Structures are given as structure tokens and as C-alpha cells.
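A.B. asks: Please find the sequence and the predicted model below.
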Amino acid sequence: LEQQAMQSLESSRRFLSRNLVSLGQHIRGSLLGYGVANPKGEKGLKASVQSVLDGETNIPANVIGVMAILWEQYKLLKNELKDFEKEKNALTRQIEPCKRLMKIEGVGETIAAMLYTTLGDGKQFKNGRQASAFVGLTPKQHSSGGKVFMIGIDKCGGVKELRSLLYLGAMSHLGRLPEKPRTQKDAWLRQIIERIGFKKTCIALANKIVRTAWAMLRYETEYKPILLAA
């Protein structure tokens, strides 16, 4: 029942999130049709809309009225999404599998909930690699002349939103990585960064997170990082 409830909440969150993005894109497109520039990000969108509402453009008054209504709907939907996410995160912190997943580096409430709803009890996957491939974090391979080349992950397949959040979570963790590693994983990440760079290490860590989460859900284990000897 917990997983079913979480799946229902996660589905609703995605629905609200998609609606918010869609409305934002509609507003951007409408403004662009009148030659109003749209810098990237919500701050850029807000600045563009505000310039229209303040009468700094040559957009007709009736269009400005419609834009004001759309912008109020955008802000309302954004606030509703924030409130919904707070309630969902509160539930996530009460669900035992999610609480265990949140002990993994780079995993917060949102990622834990999505891992739980995506992987379930892990029994539908033979191993961690299958789970990672399902999410879309296993590098594709290309063979030529008897050699196998890794050509990156498939950005179009898999579970896009979860993959994006995992990447951001990995980026956040790597940004706080201590200069002197305290655990075996910290030492491993330092070595990977030096060898393949920061961005690819984020993907490697995201891949590792999914595999670890699968093992924890499949075998109902706790996450215990291995400390380095002092």
C-alpha cells in the first residue's frame, strides 16, 4: 500500500510539474511572438512578463490582460506544486524503504521517492545493471574492429526525470566532496574525477546510486559507507 500511495503521489507531482512547464512554455512562446526576449530560467521568464505588465513593450492592451491572467495561473500552480511537494516529502520521510535510500550520497526526498516508485522491491530486475539500464544510466557500446567503445548514455530513453534528478544530486554531492576522503566511495570519486572529469563522474555516481538503491530494495539492507582507515 505504501508503494501504491507513493506511486499515486509521484504521478500527481509529475502531472502538476508538466502543467507548470507547459504553461511557462506557452507564456514564453506568446511573448516571443511579439518580439519580447526570453532569457533562460524562471527569473528570465519573470523579468520578461514583468516588463510586459509594466507597459514597457508595444504589446496590445488586451494581450497584456491575457498575459496577466496566465502569469497569475503560473504563480498559483507553482505555489500549489510547492505545497504538494512538502506533503509528499513528509510522507517520503515516513516510508521505511525511502528513509534507507536517503542515506545514500546525493539522495534526498524527491530522488528517494522516485527510486522507490521506479524500482519497487527490485524483484523485476535481475541485477543492478538492469535497473540502471532501465533508468537510462548504462553507457551504450559500439564495436568496431574487434574493440568495444563506450559512447555515453542514451539521453532519449529511460526514466528522464529520475535520471536528471540523479545527475543533479550527484553534482551536488561532488561539489561538497572533501579534499581528504573519509570513505572508500569518496576516494573512488576523487580518482574518477581526475581520470574522466567532473561531468562524467556525475553520471558514474548516478549509475552507482541506482545500483546501490536496487540492492538495498531487493535485499532490504541498510546503506553503510565504508570508512577509510585513519
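C.D. replies: Ah, there it is.

A.B. asks: Output the lowest mean pLDDT helix or strand found in this structure.
C.D. replies: Sorting the helices and strands of the chain by mean pLDDT, DSSP states H and E puts strand 147-150 at the bottom, at a mean of 44.

A.B. asks: packing partners for the helix or strand harbouring residue 209?
C.D. replies: Assessed by DSSP states H and E, residue 209 sits inside helix 198-219. With contacts taken as 3 or more C-beta pairs under 8 Å, 6 or more residues apart in numbering; DSSP states H and E, helix 198-219 sits against helix 96-101, helix 109-119, helix 128-135, helix 160-175, helix 184-196. Every C-beta, even on glycine, is put in place using the N, C-alpha and C of the backbone.

A.B. asks: need those in a markdown table with distance to residue 61, mean neighbour count and mean pLDDT, can you?
C.D. replies: Putting those into a markdown table (distance: least, C-beta to C-beta, whole Å; neighbours: other C-beta atoms under 10 Å; pLDDT from 0 to 100) gives the following:
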| stretch | distance to residue 61 | mean neighbour count | mean pLDDT |
| --- | --- | --- | --- |
| helix 96-101 | 50 | 19 | 95 |
| helix 109-119 | 41 | 23 | 94 |
| helix 128-135 | 49 | 21 | 94 |
| helix 160-175 | 39 | 18 | 95 |
| helix 184-196 | 55 | 15 | 94 |
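
A.B. asks: Count the residues that sit near the closest residue in space to residue 137 that isn't next to it in sequence.
C.D. replies: Leaving aside its sequence neighbours, residue 137 sits nearest to residue 207 (C-beta to C-beta, 6 or more residues apart in numbering; 4.3 Å). When neighbours are defined as other C-beta atoms under 10 Å, residue 207 has 24 of them.

A.B. asks: Double-check residue 207 against residue 133; I have them as touching.
C.D. replies: No: the criterion here is C-beta atoms under 8 Å, and residue 207 misses it with residue 133 at 9.6 Å.

A.B. asks: Which neighbours do the two have in common?
C.D. replies: Common contacts of residue 207 and residue 133 (C-beta atoms under 8 Å, 6 or more residues apart in numbering): none found.

A.B. asks: quick one: the helix holding residue 209 to chain centroid distance?
C.D. replies: Its chain's C-alpha centre and that of helix 198-219 lie 13 Å apart, by C-alpha atoms, centre = their mean, to the nearest Å.

A.B. asks: who's in contact with the residue nearest to residue 137?
C.D. replies: 132, 137, 138.

A.B. asks: The second one sits in which helix or strand?
C.D. replies: Under DSSP H and E, no helix or strand contains residue 137.

A.B. asks: Ramachandran coordinates for it?
C.D. replies: Backbone torsions for residue 137, taken as degrees, to the nearest 10, come to phi -110, psi 0.

A.B. asks: What's the local residue count around it?
C.D. replies: Neighbour tally, residue 137, other C-beta under 10 Å: 26.
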